[in-house]
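Student: Only the shape, not the letters, is given here:
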């Protein structure tokens, strides 16, 4: 395992994660509108900002775990495609353990669940692809 490349890959994956997340909310105001339909479930913007640092740390740790998984599986010549494949697996895992789980446990609608499923799946595919691309070098 190359720790220098791993660190850069995790940094790149983190940037990709937050950039994609920002773009999703900026380009899909309908998703934000869906979240706002459930004020008894989701925090207000001000309340969210108070706990956001905890979420950001958890996300970085999660991306580091994906980076380590990629590094463990790394084969010379592997890169973007292998990283995207790992990202797809993580995306499917997150849809099952987070998105659908929340649909079952929280009082939210199917439309929001579908938005989240699509957004988070592709977010992890992108993170995996970036990790694979950077770790390869």
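Tutor: Ah, there it is. None of these values were measured; they are calculated from a predicted model. Numbering: from 1, shown residues only.
Student: alpha carbons only for contacts and neighbour counts from here, please
Tutor: Will do.
Student: Give the full set of residues in contact with the residue lying farthest from the centre of the chain.
Tutor: The C-alpha centroid of the chain is most remote from residue 76, which lies 25.7 Å away (Cα atoms, centre = their mean). Contacts for residue 76 (Cα atoms under 8 Å, 6 or more residues apart in numbering) come out as residue 136.
Student: Look up which helix or strand it falls in, please.
Tutor: Residue 76 belongs to no helix or strand when assigned by DSSP states H and E.
Student: For it, report the pLDDT, please.
Tutor: Residue 76 is assigned 78 on the pLDDT scale.
Student: cool, residue 137 as well?
Tutor: On the pLDDT scale, residue 137 is placed at 62.
Student: now residue 94
Tutor: 96.
Student: Residue 24 too?
Tutor: pLDDT, residue 24: 86.
Student: What separation do you get for the residue nearest to it when sequence neighbours are not counted and residue 112?
Tutor: What sits nearest to residue 24 in space, not counting adjacent residues and going by Cα to Cα, 6 or more residues apart in numbering, is residue 119, at 7.2 Å. Taking Cα to Cα, to the nearest Å as the measure, residue 119 falls 10 Å from residue 112.
Student: other SSEs contacting the helix or strand where the residue nearest to residue 24 lies?
Tutor: Applying DSSP H and E as the criterion places residue 119 in helix 110-136. Counting contacts by 3 or more Cα pairs under 8 Å, 6 or more residues apart in numbering; DSSP states H and E, helix 110-136 packs against helix 3-27, helix 29-36, helix 45-73, helix 80-94, helix 100-105.
Student: that older thread, just want to check the distance between the residue farthest from the centre of the chain and residue 136.
Tutor: From residue 76 across to residue 136, the span is 8 Å (Cα to Cα).
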